[in-house]
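J.: For reference, the sequence and a predicted model appear below.
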Number of protein chains: 2
Amino acid sequence: MTKLPKNAVFPEEERKRGFMLEGSSFLSDNIHKIDTSEIRRVFDLAQRLENPINLSIGQSDLPVPLPVQEELIKAIRDGKTGYTPTAGILPLREAIAHKWQTQNGFAVSPENILVSAGVAPLLFLLFETIINPQDHVLLIDPYFLIYPALLKYRGARLHFLREDFDSDDIERLLEQKIPLKAIVFSTPSNPTGRILEKEKLSLLIKLADKTGALLVSDEIYEVFDYDKKFVSTASLYPTGTLTLSGLSKSHSMTGLRIGYIGAPENLAPIVRKMATLQQYTVVCAPQPSQWAAIVALSTPVSEGVARMGRRRDLCQRLLKQCTSFPSPDGAFYIYPEIPVDSSIFVEEAIHRRLLLVPGYIFSQNRYHVRISYAQREDVLEEGLQIFCDLVRQLREEPSKV
Amino acid sequence: MTKLPKNAVFPEEERKRGFMLEGSSFLSDNIHKIDTSEIRRVFDLAQRLENPINLSIGQSDLPVPLPVQEELIKAIRDGKTGYTPTAGILPLREAIAHKWQTQNGFAVSPENILVSAGVAPLLFLLFETIINPQDHVLLIDPYFLIYPALLKYRGARLHFLREDFDSDDIERLLEQKIPLKAIVFSTPSNPTGRILEKEKLSLLIKLADKTGALLVSDEIYEVFDYDKKFVSTASLYPTGTLTLSGLSKSHSMTGLRIGYIGAPENLAPIVRKMATLQQYTVVCAPQPSQWAAIVALSTPVSEGVARMGRRRDLCQRLLKQCTSFPSPDGAFYIYPEIPVDSSIFVEEAIHRRLLLVPGYIFSQNRYHVRISYAQREDVLEEGLQIFCDLVRQLREEPSKV
C-alpha cells in the first residue's frame, strides 16, 4: 500500500514522502507522548475468556433510574435533540449550582459552570487551559489514570504525594519550594475508594495556599460515601478550588456523557477559556442527556448506594482474610496489596478467569490491583475467593509465576 | 476576590502569586491562541431581539426521523447506556463501512473507522495526531471555521486556495514548493454549499499526489446534493484520503453527537492514534446515539432533502435579484456577496431583526454572509426581502452605515 508519486516536483523530498504515505509517518511529535495503557493488552487477553469474572468495570451495574430514563425519552420525543449553548443549557447549570449550594456547601454561579460530555473532556479542556510545558503539578498517588496521561501530554512535570500523607509530608514538600500550579485528586478516590477527610483536605489547602496552586477536586464518586465522611474541597477552600463532578457513576449514566466543572468568581476566566475551547472541540454535551441530568440531580440513589455499601462490606470482610488495603470509604473500588508486580498478577488472574485492573496504571507503586465491586454479590464472592487463593499461592511460591 | 497567603514560604514569588489567584493568571500560553469568534458578540446582540428572522442556524429544522427516535428510546429502555468501546460499537462501524462501500464507492475496514461525539472532536483528535507546529496546511477558502481555529491552535501555517480554483492555481501552488502536510475542505461546503465536482477534486488530488499531502474530506453535508454532483474524495484517491462524516446534518442529530472518520489501511496508524487520544478525552460517543446512528444510516431522508432543495431554489431565485453567490449545489447554505464588510452588514441586518453569519469567520474575504435556508419558507421570503433591501440600500448609500 505504499505509494510513489509518478511525477514528483521535488524529486528528493518527494521520493521520501512517496515512501512515507504510510500513516505512521504523518504522526505529530506530540501524539507519541500518549499511549494506550497496557491495560488494553490485558483486555485483549480477557476477551478470549468464555465466562469471565469481571471485577474490572468502572461503572455501576444498576440501571439508569426510571425518572431519568423517562426524561431522556421525553427530550427525544419533544425534539430536544439539537445543539445547546456551548456551556450547557441554563436550567442544568442552575440545578448544578443549587445542588452544590444546598448539598455540598459552596456557592458557584451558573455562569461559572461548564457542562461537557463527561469529566474526561473537562480534564482535557482544563489542562489545555492552565498547563504550560514544564509546569509543576502534584497528584495524590494512587491517582485516576487520565490525570498523568493528559498532564504528560501537556508536558507538565509531575510530583506525587502518597494518599496516606501527613503534615510532615506537606512540610517536606513546602521545603522543596516547588512552584506548584495545581494539585489534582479524586475524592472518593478512583482507584482506592478512600475519601479525603477534612483534616487531610486542610493539609492540601495549606499546601495550595502557600504555593499558590489550584486545587482540582474530582468528586464524580461523591454519592458513594458509605460512612458519611465526604466533604467537598470547595466548601473548605472556595476561592482556590475547581470542582469536577457528573452523573456517570451515581446514576449509571457513563454512556450518556455528562460531566461538569464549577469555579468561584475569581477563577471564572479559566472556565470561560475552557468553554471557548469547547466550542471547537466538544461543541456541547448531548442534549437529551442534559435534560435528563436535571432530573437525575433530584433523583435519590440512596437505595443503590446502600446496596453498593453492603458489597463494600462483603469485599472488606473477604479481603481482610488474605491482604490489606487502604480504607475503602467510597466509590466502588477496593485496592488490595498483592505480593507480585500487578502486571504479572493480573495476567495470572486472567488465567483463572478473573479480570482486575493492575495498580501500576494508577500509581508509582506496582503492588496493588483495583477491584470494582459494582458487580453481583455471588460474582464478587467467587472472584474474591480466586483472588485470595492466588495471593496466598504467590506468597508461598512466588517463583511459580 | 484577590488573595494573599498569610504565611508565604517564598516571600517574593508568593506575594506575586497571592495577587495572582485570579483565574486569568493561570492561563496557559497556548490557550490564548484560541478565541471566541466575534460571532458571539453578534448573537449577544441578537438575543435581545423579540422576534428575529433567524437565517444563521447550522442545523436542519426537520425533526429526527421517527425510526431513529424509536431506536434511541429502545436503547435507553434496554439499558444500552454505559461506556462503549473507544472506537464505537462494532455494528455501527460495520454499517458505516457498508455505507461507504455501497453508496460512496470506497472501501474502509470497520477496524479503521473511529466514531466520536461529532466531527468537531474528530478534527481536534486528527490535528493533534498529525500536525506539528509550523506544518503547512492548505484550506479551501471559504472554509468551515473550526479548521483554521484548531489548526492555528496547533501552530500550523495556513495557506488558502480560493474555492473557484483552476489548474493554473494548482500549478502556481506547486511552483511554490510548499511541503503541505494536509489539504482540508468540506464538500458540500459549509459555508458556500458548493460541491467540488470530479474535475476540481482531480486537481486537488494532483496537488496532494505531488506534495505528499493528505486529503481531509469533510462530507458531513453529503446527502444535501440537489443536482447529483456529489462524489466522495476517497472514491477517487482511496490511499490518500481521510473521510469525515456523521448524521448531525442529514438526520437532524446535531445534539446527539455522532461523527466518524475512516482511513485506508495505509493510513490506519493515524486513526489508531486518534483512538488512543480519544480514550483520555472524548472516551466514547453517547451509546444510545450510536445505536440510533445504525438505524439512521438505513433511514432515507430524501423527502427532507427534496424540501431543502426547493428552499435552495427559492433562495437562489430571490437572491439573484440583488447579488451574486457561488453555486449553491448542496448543504443548506448560500453565500451571497455584500457591498460592505460582513461585520458591519451583519450588525445592520440585526437592526432589521435578521440574523446572518458574517463571512469573515469563513474566509480571508470579508464581503460575504452565510445564509442558512434550514428555515420555513415564509421566514426565508421575509428574511431575503430584508437582505436584498439592505444590499440595495448599502450600494446606493454606503456612507449611511
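T.: Received, thanks. Values in this document were obtained by computation on a predicted structure and should not be read as measured data.
J.: On the pLDDT front, check the nearest residue to A:E222 once chain neighbours are set aside for me.
T.: Closest residue in space to A:E222, ignoring its immediate chain neighbours: A:F230 at 5.7 Å, by C-beta to C-beta, 6 or more residues apart in numbering or on different chains. The way it works is simple: take the backbone N, C-alpha and C, and place the C-beta from them, glycine included. At A:F230, the pLDDT value in this model is 98.
J.: Ok, A:K400 next?
T.: 60.
J.: Repeat that for A:E219.
T.: 98.
J.: Report how many residues lie close to it.
T.: 22 (other C-beta atoms under 10 Å in any protein chain shown).
J.: What of the one 4 residues further on?
T.: Counted with other C-beta under 10 Å, the burial measure for A:V223 works out to 22 neighbours.
J.: do the same with the one 5 residues further on
T.: In terms of burial, A:K228 registers 9 neighbours under the definition other C-beta under 10 Å.
J.: That one sits in which helix or strand?
T.: Counting by DSSP states H and E, no helix or strand carries A:K228.
J.: contacting residues for it?
T.: Contacts of A:K228 were listed using C-beta atoms under 8 Å, 6 or more residues apart in numbering or on different chains, and none were found.
J.: how far away is it from chain B?
T.: Applying C-beta to the nearest C-beta, to the nearest Å, the value for A:K228 to chain B is 28 Å.
J.: A:N112 too?
T.: 9 Å.
J.: A strand includes the residue nearest to A:E222, no?
T.: No: secondary structure of A:F230 (DSSP: H, G, I helix; E, B strand; the rest coil): coil, not part of a strand.
J.: Run a quick check on it versus A:V305, I expect a contact.
T.: No: if you go by C-beta atoms under 8 Å, A:F230 and A:V305 don't touch, sitting 11.4 Å apart.
J.: mind listing the helices for the stretch 51-200 of chain A?
T.: A:66-77, A:90-99, A:119-130, A:146-153, A:167-175, A:198-211 (DSSP state H, counting those that start in this stretch).
J.: deepest of the ones you listed, which one?
T.: helix A:119-130 (a mean of 25; mean count of other C-beta atoms under 10 Å in any protein chain shown).
J.: phi, psi of the closest residue in space to A:G330 that isn't next to it in sequence?
T.: Excluding its sequence neighbours, the residue lying closest to A:G330 (C-beta to C-beta, 6+ apart) is A:P188, at 3.0 Å. Main-chain torsions, A:P188, degrees, to the nearest 10: phi -50, psi 150.
J.: A:P188 against A:R194, yeah?
T.: Yes: with contact defined as C-beta under 8 Å, A:P188 counts as touching A:R194 (6.8 Å).
J.: quick one: common contacting residues for the two?
T.: With C-beta under 8 Å, 6+ apart as the test, A:P188 and A:R194 both reach A:329-330.
J.: Right, and chain B sits closest to which residue of the stretch 301-401 of chain A?
T.: A:A374 (10.6 Å; C-beta to the nearest C-beta).
J.: A:S189 - how many residues pack around it?
T.: A:S189, neighbours per other C-beta under 10 Å, totals 26.
J.: ugh, typo on my part, it should be A:E396
T.: Neighbours of A:E396 (other C-beta under 10 Å): 10.
J.: tell me which element the closest residue to A:C322 other than its chain neighbours is part of?
T.: Excluding its sequence neighbours, the residue lying closest to A:C322 (C-beta to C-beta, 6+ apart) is A:C388, at 3.7 Å. Taking DSSP H and E as the criterion, the element that holds A:C388 is helix A:377-396.
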